[in-house]
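S.K.: Task: produce atomic coordinates for the following.
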Amino acid sequence: MAAHYDALHTALPEGRIYYAIKANPAPAILRLLEKRGASFDAASLEEVRMCLAAGATPDRISYGNTLKKASAIREAHALGITLFVFDSVEELEKIAANAPGARVFCRLAVENEGADWPLSRKFGTTLANARTLMLRAQELGLDPYGLSFHVGSQQTGIAAYQHAIARAAALYHDLRAEGLNLRMLNLGGGFPTRYRENIPSVQDFADAIQKALAEHFPEAAPEILLEPGRYMVGQAGVVSSEVILVSRRGGAATDPRWVYLDIGRFGGLAETEGEAIRYTFRTPHDDRNGTRSPCVVAGPSCDGVDILYEKNRIPLPDSLQCGDRIELLATGAYVSTYCSTGFNGFPPLTEHYI
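M.R.: Residues are numbered from 1 along each chain as shown. Presented below is the predicted three-dimensional model:
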């Protein structure tokens with residue numbers, strides 16, 4: 001994880017890294033990154049408090065959720081947080097009323113093509129509306145600090161950042177011409193981690209981003225913020241799971257094998273929704289010369305949607321049996337934080353940090 005932070009910092013030294021702590025807010029992770037000089041992207045008042053408890057100063061925390069209770073804005077501001085995002089006039093007015101004078105940035109809706117976990121439907125606004133909102137921010141006594149976008153989580157398409165920078169830059173220059181003191185562009189997160197398929201390197205993304213910045217900001221680039229989450233911690237986690245049952249439920253040799261684990265969609269593997277994120281599996285039989293066959297993999301709950309992989313079946317050893325342990329690799333992001341508080345009585349994951 002520390003190596004990934006250093007690699008991104010080296011590849012994009014002009015970018016200030018705001019770790020998206022929703023990916024994994026473990027205190028050990030926050031403390032390590034704080035000591036390395038990271039800033040933090042918090043999605044709730046509770047996450048703001050986590051950052052402060054880890055030693056981060058308020059000037060290194062961005063309240064990066066476009067959906068905030070008025071009371072949360074007010075308390076965060078009282079704690080010293082001065083940087084807030086918005087994508088609607090209603091949210092902007094809440095910020096003005098509860099965090100007067102705060103720096104604000106508007107989130108744009110951009111294409112998420114190439115992302116395994118798109119985010120464009122719920123967040124962001126149009127360029128035209130963003131222009132109106134940023135002008136309104138100044139009228140409300142706020143500091144119109146900059147613009148942001150998010151190209152989608154687990155983004156493997158390098159061009160997505162280039163296209164988004166081009167869109168944001170046009171509005172940025174327009175608003176500067178209108179007299180606004182814009183000075184920041186937040187490129188969001190999206191940097192991928194490796195699951196099963198190879199992905200572009202962080203240097204590949206950095207080269208494309210720097211090229212786009214040079215093209216669209218020929219005189220001088222604005223302050224650049226980055227909000228990596230999955231990239232930072234994805235490789236840092238392994239889930240150890242027990243096989244509960246291996247069965248051909250139809251009874252015929254041609255029926256698919258179903259492998260049921262003691263962790264499922266409600267136990268932390270929520271990103272298997274739509275089979276979007278496809279983890280790598282490691283079993284105790286991998287080093288043996290045995291046959292494999294594609295399996296449907298499902299979780300333990302009494303919910304029919306608790307199926308992890310059915311269309312993209314997992315080739316697992318035919319010798320796999322009840323009681324075996326299976327490890328799911330690259331589960332450091334969005335697993336421990338997604339786990340249920342006890343659906344069907346199954347306890348949340350027990351976490352160990354080494």
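S.K.: burial measure for Pro144, as a count.
M.R.: 24 (other CB atoms under 10 Å). Heads up, the C-betas are built off the backbone N, CA and C, glycines and all.
S.K.: so it makes contact with Asn181?
M.R.: Yes - counting by CB atoms under 8 Å, Asn181 is a contact partner of Pro144 at 7.0 Å.
S.K.: can you give me how far stretch 57-71 is from the chain middle?
M.R.: Here stretch 57-71 is found 16 Å from its chain centre; the criterion is CA atoms, centre = their mean, to the nearest Å.
S.K.: What's the mean pLDDT across it?
M.R.: Average pLDDT, stretch 57-71: 97.
S.K.: likewise stretch 89-108?
M.R.: 98.
S.K.: That one spans what distance, first to last residue?
M.R.: Its first and final residues considered, stretch 89-108 spans 13 Å by CA to CA, to the nearest Å.
S.K.: Sort out which residues of it are buried, please.
M.R.: 91-96, 98-99, 102-108 (16 or more other CB atoms under 10 Å).
S.K.: Tell me the one among these nearest to Pro317.
M.R.: Arg107 (45.8 Å; CB to CB).
S.K.: ok, now which ones touch the closest one?
M.R.: 66, 85-87, 123-125, 147-150 (CB atoms under 8 Å, 6 or more residues apart in numbering).
S.K.: Pretty sure it sits in a helix.
M.R.: No - with DSSP: H, G, I helix; E, B strand; the rest coil as the criterion, Arg107 is located in strand rather than a helix.
S.K.: ok, the nearest residue to it once chain neighbours are set aside - how many residues close by?
M.R.: Leaving aside its sequence neighbours, Arg107 sits nearest to Asp87 (CB to CB, 6 or more residues apart in numbering; 4.4 Å). Residues near Asp87, counting by other CB under 10 Å, number 23.
S.K.: and what of Asn198?
M.R.: Residues lying near Asn198 (other CB under 10 Å) number 7.
S.K.: Which helix or strand contains it?
M.R.: For Asn198, there is no host helix or strand (DSSP states H and E).
S.K.: can you tell me how far Glu34 sits from Gln162?
M.R.: Look at Glu34 and Gln162: by CB to CB, to the nearest Å, they are 31 Å apart.
S.K.: next one: Lys211
M.R.: 7 Å.
S.K.: higher neighbour count, these two?
M.R.: Neighbour count, other CB under 10 Å: between Lys211 and Gln162, Gln162 has more, with 18 against 13.
S.K.: so is the more buried one in a helix, a strand, or just coil?
M.R.: Of the three states, Gln162 takes helix under three-state DSSP.
S.K.: you'd agree it is up against Ala214?
M.R.: No - assessed by CB under 8 Å, Gln162 is found out of contact with Ala214, at 11.2 Å.
S.K.: burial count for Arg16?
M.R.: Neighbour tally, Arg16, other CB under 10 Å: 18.
S.K.: So what sits opposite it in the bridge?
M.R.: Beta-bridge partners of Arg16, counted by DSSP bridges, are Leu225.
S.K.: contacting residues for it?
M.R.: Arg16 touches 39, 223-226, counting by CB under 8 Å, 6+ apart.
S.K.: do the same with Lys211
M.R.: Applying CB under 8 Å, 6+ apart, we find Lys211 in contact with Gln162.
S.K.: Doesn't it belong to a helix?
M.R.: Yes - under three-state DSSP, Lys211 sits within a helix.
S.K.: From Gly250, how far off is it?
M.R.: Taking CB to CB, one finds Lys211 at 55 Å from Gly250.
S.K.: Would you agree Asn112 falls within a helix?
M.R.: No - assessed with three-state DSSP, Asn112 is coil; it does not lie in a helix.
S.K.: quick one, phi/psi of the spatially closest residue to it that is not a sequence neighbour?
M.R.: In space, and not counting its chain neighbours, Asn112 is closest to Gly152: 3.3 Å by CB to CB, 6+ apart. Dihedral pair for Gly152: phi 100, psi 140, per degrees, to the nearest 10.
S.K.: quick one on the thing from earlier: same list, the contacts of Arg107, but as a markdown table with distance to Ala26 and secondary structure please.
M.R.: Listed next are the contacts of Arg107 as a markdown table, based on distance: CB to CB, whole Å; DSSP: H, G, I helix; E, B strand; the rest coil:
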| residue | distance to Ala26 | secondary structure |
| --- | --- | --- |
| Thr66 | 25 | coil |
| Val85 | 24 | strand |
| Phe86 | 29 | strand |
| Asp87 | 29 | coil |
| Phe123 | 25 | coil |
| Gly124 | 29 | coil |
| Thr125 | 33 | strand |
| Leu147 | 31 | strand |
| Ser148 | 25 | strand |
| Phe149 | 28 | coil |
| His150 | 23 | coil |
